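Engineer: just need the structure, nothing else, for what follows:
(chains A, B and C, ligands or ions: 4)
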Amino acid sequence: MAVRLEVEEIPGGIPAGKVAMWWFLASEIMMFGGLITCYIVFRLGGSGWAEASNHLSMTLAATNTLVLLTSSYTIVQAFVAAERGSAPALRRHLGLTILGGLIFLGIKAVEYTTEIRAGFTPDAGIFWSFYYTMTGLHALHVMGGLVVNGVVLLTAGTAIKHPHRVELAGLYWHFVDVVWIFLFPLLYLA
Amino acid sequence: MLNWLRWLPENVSTYGADVDALIALIWYTTVVWFVLTFGAIGLFLVLYRRRSGRPAAYVQGERLRQALWVLVPVAIVLVIDLWLDFRGAPVWAKVKLERPPAALSIQVTGKQFNWEVLYPGPDGKFGTPDDKLFLDELHVPVNRPVRVVLKSRDVIHSFFLPNFRLKQDMVPGREIEGWFQATRPGQFELPCAELCGFGHSGMKGYLYVHPEAEYDRWVKEQWS
Amino acid sequence: MTTATAEHVERGFWTTYVFSTDHKTIAKQYLTLGLFWTLVGGLLAGAMRWQLAWPDSAIPLMGEIGPEVYNMLVTMHGTIMVFFVAMPILLGAFGNFLIPLMIGARDMVFPRLNMLSVWTFALASLVMLASFFVPGGAASAGWTAYPPLSAKAAYTGVEWGLNLWILGLALEFASFLMGGVNYLTTVIALRAPGMTLTRVPLAVWQQLAAATLFLLSVGPLIGGAVMLLLDRTLGTGFYAPELGGDPLLWQHLFWFFGHPEVYVVLLPALGFVLEVLPVFSRKPIFGYRWIIGATVVAAALSFIVWAHHMFISGMDPRLAMPFSVTTILISVPFAWVVFAMIATLWRGSIRFDVPMLWALGFLTMFIIGGLTGIFNGSAPVDLYVSRTYFVVAHFHYTLFSAVVFGGLAGVYYWFPKMFGRMLSGPLGQLHFWLTLIFFNVTFFPMHHIGLAGMVRRIANPLQYDMLVPHQWLNVLATYGALCLLAAQLPFVINLLWSWRAGAPAPRNPWNAATLEWAAPSPPPHLNWGPSVPRVYRGAYEYSVPGEREDWLPQDLAPLARSR
Ligand code: HEA
Ligand code: HEA
Ligand code: CUA
Ligand SMILES: [Cu+2]
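Structural biologist: Ligands and ions are numbered 1, 2, ... in the order given. Now for the predicted structure:
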């Protein structure tokens, strides 16, 4: 029986994957939202947070913010390329995005090591506990995003036939970026 | 057996009666609704059991006029709900928010698996040499407000005086205040009401409520 | 997105029964795992009850147990029943089986994701099972795992057990996140032509509400669980006051999830009952749209009531009354649903087949559990009943009626569709009446002994003078519990016997109008022959005046009617 299970789009023409991605991101937002709320409540209640936060490297974090923002831009370009149907451009921009992600993780690793060397381990105080938990979870999401982007890159051939795959990857990547936009001021600037 | 209210242990605190009154109020309200709902269900099951030649009515209950059959009872429920809150608030305030000037204040610290009961001694101040520590036993005078400062050394415990309708968790890192006033002398059980480890079962102490004179005698014995 | 044709071309044993992407097979896999855990959770409960009735006497097959083991029994019983019985059966099994069939789809929108979710759940089960056998034993800090007790191994003596507990739950959450996303997207994307949202059966609506609640409430707890794990392993201090943390943080995170979670369990069961009542009353459900509305209201409210678990936790006591108000208000939408159910019986033509019996069992027992919730919900009353067996009674009357009465209404109602065979009626009747009776024998006395002052999670009531005179209630409850376990025997026999040798089920044994009954029993792979059905009307068109039959299938073409 040659029945197919055709589920490309929902009646409104929105790709089903997009709907699913939004539901997934909703729960992700609740998770980071919860963490950030806890952090703010604790910080308002406690003292000595600012001093602790001064030990973080602003320059590295600022660079990282820039890197992540750029990679968000490149993945948009990747989507444009996919819609144009040009695989090389798609590969180039996805490659740049992935590179951005890797640089971000590299810099984060440098930060972690210097901080731990200086004795600021996760158990060095409540600020550090929050710092490592929030940035650590975020880093895990970056890695997840890299895997997704990597898969799209390897299947770039089919991706230009289904541009919304690139769009989905981009959606997730933007989310990862936005989370960082919240973490950066909360942890480094405040 | 059927009347739940009879199962409450004797109340010996000043505010316990208010709590019991509220329990009674909710008990009677819910019994009424229990009877109404079960009655209706039972009635319908009998009246409208399948009978040949009598088809079911085609009622969708979508239109407002039909929905009123549900809307009205629900409106009543809403009113009752608010009434219960309205009656409850003052009782809660009395037990947990008001702080009558206390003649005596005691510090009770939960630890796996005992109550450490600290008396300030004659000077009425904690942290002075005449403080005195007891294990698992509180002594208080009857008919006098008693202030308890609840703390914990390790995990969360819960200070529970069933006969006083008083319960309060003890959270490490916090000092939580409570109060009670006994209405008759006697010996009352003080179980721990929050799971706190393998010794939770059996973690309990006693509260001894003494008549004035007897209490003063006890104080003399302890601090002389 | 997904085009499942590819791996469906040829389907060998493995793709058909094990690594299948067919929603019906996945449903059965969830059901099997759930029933296995039911056995475990039930036996743990039996052991608990034995210890409570005859403390420190040798339990059959277990021997004597100390308080450490008792705490472990309670903790794992609660964890298993909620996360490994209720959710896989009510959401995992029925969500997967019903959603595509009821909306006229061929499968879930993401069949591979669906398979991934069931296997993630299997992995979670494995981890949870393993936690029993690691040195130190399984978790024993209560299913609510309040820190600091749960945050330092020293406090319970449980090291790996609790880490595995956290890991197992994390995997379970991941599994149901995938499931939830899949359910929601499927209903949005794959409804058959004509299946407008206001024609979608209530069972599906309730699954959607449950999935949404879960998706939106579990996030913060996942964050909290990570913190707990770090506190235990890396020595961070999120819940340790001496390090600047706060034990109450966990309680807020847990209950922000925990209260919605109990509705995640309730709503699907509610959905089954809302399907069964009209069918066996031969009458439309009373106020379809209003019920959807009430469900939405209840779901929304469930996000702002969580602190009713914390009235006496040490949080600011001024917060208690506001939460008390929202909590008691939640009785309004549920009253709505309950009354609508009763109104559905009114002027019906009621048949008492086994599914209907379980549905009525749910309705009545849930009313009791709901009403006792009002006691808890009133802060000053909770002041007394909190942490006592009154609460234990409350949540068994609610949870048990959802999982067992509601769940079994679903099993007896849809078994013919799932397995193509009828269950034995007499055995079903026996199973129902025994369960109803012994359920009440077990849990009704808990109200009394709770009011008499018996606190939860104690291994030996006889250690308390005030309980000694009431011990007979504990003995009664235990006899009830043992009989309740025994009462499941007819069910097991019925399942196994009917599954193999039951009478073949017709397409539509109950003369029901919803779409799943338009498919063969059991439905073939991809459910609908060459083309999916077309829907012409709502899901509850029973006893429509002037019709020859007393039900109008959703897919019956208007013309075809005037035969
Ligand atoms: C399916 C599960 C389920 C359901 C549906 C409910 C439903 C409700 N629960 Fe329950 N609850 C639990 C599972 C559930 N609960 C669990 C597992 C715990 C313990 C957790 C733990 O500590 O281990 C718990 C604990 C719990 C507490 C904390 C007790 C304590 O630990 O101190 C409270 C307090 O407010 C509460 C309240 C309520 C209320 C108000 C409802 C309401 O939704 C009920 C609404 C329904 C009705 C009211 C009945 C229908 C209405 C009518 C018949 C009309 C007439 C009614 C009135 C006039 C009021 N529950
Ligand atoms: C769905 C939830 C559920 C179910 C079904 C049960 C079932 C039972 N529970 Fe419960 N219980 C909890 C959830 C549940 N429990 C929770 C959350 C706690 C709190 C834990 C804590 O404090 O940390 C608890 C705690 C708890 C206590 C308090 C322990 C203490 O505080 O010291 C007791 C004491 O008697 C108890 C007894 C029982 C008994 C005798 C049964 C008997 O009914 C068991 C007999 C088994 C059966 C009759 C099987 C029923 C069939 C199914 C469940 C599935 C079949 C359905 C389908 C196939 C659709 N349980
Ligand atoms: Cu201390 Cu329980
Ligand atoms: Cu709740």
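Engineer: the helix or strand that contains A:G144 close to chain C?
Structural biologist: Here A:G144 is covered by helix A:126-154, with elements defined by DSSP states H and E. Yes. Part of helix A:126-154 sits near chain C under the criterion CB under 8 Å from any CB of the partner chain, namely A:I126, A:W128, A:S129, A:F130, A:Y132, A:T133, A:L137. (C-beta placed from N, C-alpha, C; glycine too.)
Engineer: and that helix, anywhere near chain B?
Structural biologist: No. Using CB under 8 Å from any CB, no contact is recorded between helix A:126-154 and chain B, whose separation bottoms out at 12.1 Å.
Engineer: relative to ligand 2, how far out is the most centrally placed residue in chain B?
Structural biologist: Residue closest to the mean C-alpha point of chain B, counted by CA atoms, centre = their mean, is B:R165 at 3.9 Å. From B:R165 across to ligand 2, the span is 21 Å (CB to the nearest ligand atom, to the nearest Å).
Engineer: got it, and B:Q112?
Structural biologist: Counting by CB to the nearest ligand atom - B:Q112 and ligand 2 are separated by 18 Å.
Engineer: C:A154 is in contact with that residue, correct?
Structural biologist: No. When contacts are counted by CB atoms under 8 Å, B:Q112 is not listed as touching C:A154 (9.7 Å).
Engineer: would you mind measuring from the closest residue in space to C:A518 that isn't next to it in sequence to A:V178?
Structural biologist: Using CB to CB, 6 or more residues apart in numbering or on different chains and skipping the chain neighbours, the partner closest in space to C:A518 is C:D555 (5.0 Å). Counting by CB to CB, to the nearest Å, the gap from C:D555 to A:V178 is 45 Å.
Engineer: so which of these two has more stuff around it?
Structural biologist: The residue with the greater number of neighbours, taking C:D555 and A:V178 and applying other CB atoms under 10 Å in any protein chain shown, is C:D555; the counts read 23 against 15.
Engineer: secondary structure class of the more buried one, three-state.
Structural biologist: C:D555 carries the three-state label coil when classified by DSSP: H, G, I helix; E, B strand; the rest coil.
Engineer: again, but for B:G205
Structural biologist: Assigned state for B:G205: strand (three-state reduction, three-state DSSP).
Engineer: ok, it touching B:E116?
Structural biologist: No. At 9.8 Å, B:G205 and B:E116 do not qualify as touching, with contact defined as CB under 8 Å.
Engineer: which neighbours do those two have in common?
Structural biologist: Common neighbours of B:G205 and B:E116 are listed as B:L135 (criterion: CB atoms under 8 Å, 6 or more residues apart in numbering or on different chains).
Engineer: those two: which is more packed in?
Structural biologist: Neighbours per residue (other CB under 10 Å) separate B:G205 from B:E116, with B:G205 holding more: 21 against 17.
Engineer: number of nearby residues for the residue of chain B found nearest ligand 2?
Structural biologist: Closest residue of chain B to ligand 2, CB to the nearest ligand atom: B:L195 (7.4 Å). The tally of other residues near B:L195 (other CB under 10 Å) stands at 29.
Engineer: so the closest residue to it other than its chain neighbours, which state does it fall into?
Structural biologist: Beyond its immediate neighbours in the sequence, the residue positioned closest to B:L195 (CB to CB, 6+ apart) is C:R457, lying 4.3 Å away. Following three-state DSSP, the label given to C:R457 is coil.
Engineer: so what secondary structure elements neighbour the worst-scoring helix or strand of chain A on mean pLDDT?
Structural biologist: Lowest on mean pLDDT, DSSP states H and E among the helices and strands of chain A sits helix A:156-159, with a mean of 84. In terms of contacts (3 or more CB pairs under 8 Å, 6 or more residues apart in numbering or on different chains; DSSP states H and E), helix A:156-159 is packed against helix A:87-117, helix A:163-183.
Engineer: put the alpha carbons of the shortest one into PDB.
Structural biologist: When you say that, I think you mean helix A:163-183. As requested, C-alpha coordinates have been extracted for helix A:163-183 and formatted as PDB (Å, rounded to 0.1, in the frame of the first residue of the first chain):
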ATOM      1  CA  PRO A 163      15.500  25.700   3.200                       C
ATOM      2  CA  HIS A 164      13.300  25.700   6.300                       C
ATOM      3  CA  ARG A 165      15.800  23.200   7.800                       C
ATOM      4  CA  VAL A 166      18.400  26.000   7.800                       C
ATOM      5  CA  GLU A 167      15.700  28.300   9.200                       C
ATOM      6  CA  LEU A 168      15.100  25.900  12.100                       C
ATOM      7  CA  ALA A 169      18.800  25.600  12.900                       C
ATOM      8  CA  GLY A 170      18.900  29.400  12.700                       C
ATOM      9  CA  LEU A 171      15.900  29.800  15.100                       C
ATOM     10  CA  TYR A 172      17.700  27.600  17.700                       C
ATOM     11  CA  TRP A 173      21.000  29.400  17.200                       C
ATOM     12  CA  HIS A 174      19.300  32.800  17.700                       C
ATOM     13  CA  PHE A 175      17.800  31.400  20.900                       C
ATOM     14  CA  VAL A 176      21.200  30.400  22.200                       C
ATOM     15  CA  ASP A 177      22.400  33.800  21.200                       C
ATOM     16  CA  VAL A 178      19.600  35.600  23.000                       C
ATOM     17  CA  VAL A 179      20.200  33.600  26.200                       C
ATOM     18  CA  TRP A 180      23.800  34.900  26.200                       C
ATOM     19  CA  ILE A 181      22.500  38.400  25.700                       C
ATOM     20  CA  PHE A 182      20.800  38.000  29.000                       C
ATOM     21  CA  LEU A 183      23.600  36.200  30.800                       C
END
